[in-house]
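>>> The following block contains a protein sequence and its predicted model.
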Amino acid sequence: MAAPVAFFALFFAWPVVSIVERGLRVDGAWQFGRFGETLSRPEILDVLWFTCWQALASTGLTLLIALPGAYVFARFDFPGKGLLRAVVTVPFVMPTVMVGTAFLALVGRGGLLDGLWGVRLDTTVWAILIAHVFFNYAVVVRTVGGLWAQLDPRQEEAARVLGASRWRAWRTVTLPALAPSVAAAALMVFLFTASSFAVVQILGGSTYSTLETEIYRQTVVRFDLTTAAVLTMVQFAAVGLVLVVHARTVRRRETALKLVAPEQTARRPRGAGQWALFAGVLLSVALLIVLPLGVLVERSFATSHGYGFDYYRALRTPDPSGTFLVPLLDTIGNSLRYAVVATLIALVVGGLAAAALTRRAGRLVRGFDALLMLPLGVSAVTVGFGFLITLDEPPLDLRASWILVPLAQALVGVPFVVRTMLPVLRAVDERLREAAAVLGASPWRAWREVDLPLVRRALLIAAGFAFAVSLGEFGATVFIARPDSPTLPVAVARLLGRPGELNYGQAMALSTILMVVCAVSLLLLERLRTERTSGEF
């Protein structure tokens, strides 16, 4: 545990604590009275209220739409299942700035709905809610569907034989078994939507603000570090509570059920009802996920004089405004290099953490398990700004170093590595390690020859997820990416903030390129994936 603890202490806890200290400590004295003063302001109360209710609404809407999809992926066997699973996962690994961009092209000014029916949903809460469903659909499908596929259907069939209706059998047998998994998925969706930044900023404009966008506004626009520090602490406490509950539900799911191989439960749809459900899920995926992605691609080719590759060719030319010091095409290489380094860091840190969590089960270690998830919910804006004010003097003066970006990206990648590898490592029979030790193998050799062959596939899947989410990290990177080496998400956000057809078209072109990279990564993961080694995600 030493290396993961040191990594999180240095690159997560220290920057966050430093920001809080700068905001709440004046002349050596802590100003805790600022909590009451800040939280009593009407505009802050409005932000807290909107953050909570939109997160609850987004979570409920996501469960309502995605649970039928989880059932279809779990119980039905059909051609192209792996491809469709990769398609629904693409939005989750896309940068949130590009999720906002996709829906801006669909529901914004000059978007598809505006052109067809004169309907605009940008700057409305509906655009935010639908975009959150688009982003989190895969969380429910993979988390709930992964467990549902391994529940023995004979238990429900036995209830039917004993006289229970189909609804009662599902409600009294299947639903209690799924409840921990549904709760875990709901908590993760709530966590992601409560800390939503780019989606709210792009689609909500100045009308709506969550805790994350308000922290950004108070930090960057107003430079009010006191208010930002108070809001960071509120967010930190809320995220900590959610993660404690999430850890309990995950442990309950892992220990309470006897599972079967998923290939024993999946079959082709039967009867009109199942075919109707299957068709309905395909239609919802087409409208909710494929359509926004398709509009994004279409807008990258649509110029004022017809369809063409003008915006893609423009990526190779230097920026005449001087905002970007390199051609925009270079951002692709920058992002790939950063993501590779971030993936290596995440694999080392996350792999060590997962190994430590496998061998020990004390309360302190369980708390460390929850701590590893904090970067997914705590303000990336706070972390990025904290990097600038803490890692600015020897022996860790990294402000001018390229490594700063991969370090921030690795913070987001580590939780995915841990959550993917931990269930697989726990499934390794301890007696195999003991037999290797009896035969004279050192701990290192036993791990290399016993554990590694069994978890190799999960390790590759973890690497793929870490690479995809590192590629799309935006909240912290926007602060620390150097002007001569911006990443793809940062470039897209800056292009969308500038007027003009060319800037908008280049943003769409870059978004399409990143979407294709993410889709290819996920298709490769699906070739490696098995239900038993997929972990929580």
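Good, I have the coordinates.
>>> Touching, Gly505 and Asp310? I think so.
Yes. The criterion here is CB atoms under 8 Å, and Gly505 meets it with Asp310 at 7.2 Å. C-beta: built from backbone N, CA, C; applies to glycine.
>>> neighbour count winner among the two?
Neighbours around Gly505 and Asp310, counted as other CB atoms under 10 Å, are more numerous at Gly505. The numbers are 22 against 19.
>>> how much space is there between that one and Leu24?
45 Å (CB to CB, to the nearest Å).
>>> Equivalent analysis for Val245, please.
27 Å.
>>> go on, Glu43?
Taken as CB to CB, the span from Glu43 to Leu24 is 20 Å.
>>> Give the residue from the two that has the larger number of neighbours.
Ranked by neighbour count (other CB under 10 Å), Glu43 and Leu24 place Leu24 first, with 20 against 9.
>>> Contacts only, for the more buried one.
Contacts for Leu24 (CB atoms under 8 Å, 6 or more residues apart in numbering) come out as Trp30, Gln31, Phe32, Arg34, Thr226, Ala229, Val230.
>>> Quick check, pLDDT for Leu364.
Note on Leu364: pLDDT of 69.
>>> scratch that, Tyr307 is what I was asking about
So Tyr307 comes in at 90 (pLDDT).
>>> is it true that it touches Arg299?
No. Using CB under 8 Å, Tyr307 is not in contact with Arg299, being 10.4 Å away.
>>> shared neighbours of Gly505 and Asp310, anything?
Common neighbours of Gly505 and Asp310 (CB under 8 Å, 6+ apart) are Thr303.
>>> ranges for the helices of the stretch 251-400 of the chain?
271-285, 291-301, 310-314, 330-359, 363-371, 380-390 (DSSP state H, counting those that start in this stretch).
>>> tell me which residues in the third one are buried?
If I follow you right, that is helix 310-314. Neighbour-count burial for helix 310-314, counted by 16 or more other CB atoms under 10 Å, picks out Asp310, Tyr311, Tyr312, Ala314.
>>> show me the contacts for the last one.
Ala314 makes contact with Leu328, Leu502, Gly505, Gln506, Ala509, according to CB under 8 Å, 6+ apart.
>>> Same question for the third one.
Contacts here follow CB under 8 Å, 6+ apart; on that basis Tyr312 touches Ser300, Ala509.
>>> Report pLDDT for it.
Confidence score, pLDDT, at Tyr312: 91.
>>> Kindly report the same for Ile65.
Reported pLDDT for Ile65: 94.
>>> That one touches Asn136, doesn't it?
No. Under the criterion of CB under 8 Å, Ile65 makes no contact with Asn136, lying 9.8 Å away.
>>> which one of those two has more residues nearby?
For Ile65 versus Asn136, the count of surrounding residues by other CB under 10 Å is larger for Asn136: 28 against 19.
>>> Distance check, the more buried one against Gly69.
12 Å.
>>> residues near Ala380, how many?
27.
>>> Contacts only, for it.
Ala380 sits in contact with Phe197, Glu212, Ala408, Val412, Glu473, Phe474, Gly475, Ala476, where contact means CB under 8 Å, 6+ apart.
>>> can you check Pro327 too?
Shown in contact with Pro327 (CB under 8 Å, 6+ apart): Leu315, Arg316, Thr317, Pro318, Asp319.
>>> Centre of the chain to the strand or helix carrying Ser58, how far?
Ser58 belongs to helix 42-75 when assigned by DSSP states H and E. Centroid separation between helix 42-75 and its chain, computed with CA atoms, centre = their mean, to the nearest Å, is 15 Å.
>>> helices or strands up against it?
Judged by 3 or more CB pairs under 8 Å, 6 or more residues apart in numbering; DSSP states H and E, the packing partners of helix 42-75 are helix 33-39, helix 81-93, helix 125-148, helix 175-194, helix 211-216, helix 225-256, helix 271-285.
>>> Nearest to Ala159 among those would be which one?
helix 175-194 (11.7 Å; CB to CB).
>>> Output the contacting helices and strands for that closest one.
Against helix 175-194 (3+ CB pairs under 8 Å, 6+ apart) you get helix 42-75, helix 125-148, helix 225-256.
>>> Deepest-packed of the ones you listed, please.
Of all those, helix 125-148 has the most neighbours on average by mean count of other CB atoms under 10 Å, namely a mean of 24.
>>> Quick check: buried residues in the helix or strand just after that one?
Moving toward the C-terminus from helix 125-148, the next helix or strand (DSSP H and E) is helix 153-161. Residues of helix 153-161 classed as buried: Pro153, Glu156, Ala159 (neighbour count, 16+ other CB under 10 Å).
>>> again with stretch 161-181
Residues of stretch 161-181 classed as buried: Ala164, Ala169, Trp170, Val173, Thr174, Ala177, Leu178, Pro180, Ser181 (neighbour count, 16+ other CB under 10 Å).
>>> Setting aside sequence neighbours, what's the nearest residue to the second one?
The shortest distance from Ala169 to any non-neighbouring residue, by CB to CB, 6 or more residues apart in numbering, is to Ala159 (3.9 Å).
>>> Mind checking the pLDDT average for stretch 201-218?
83.
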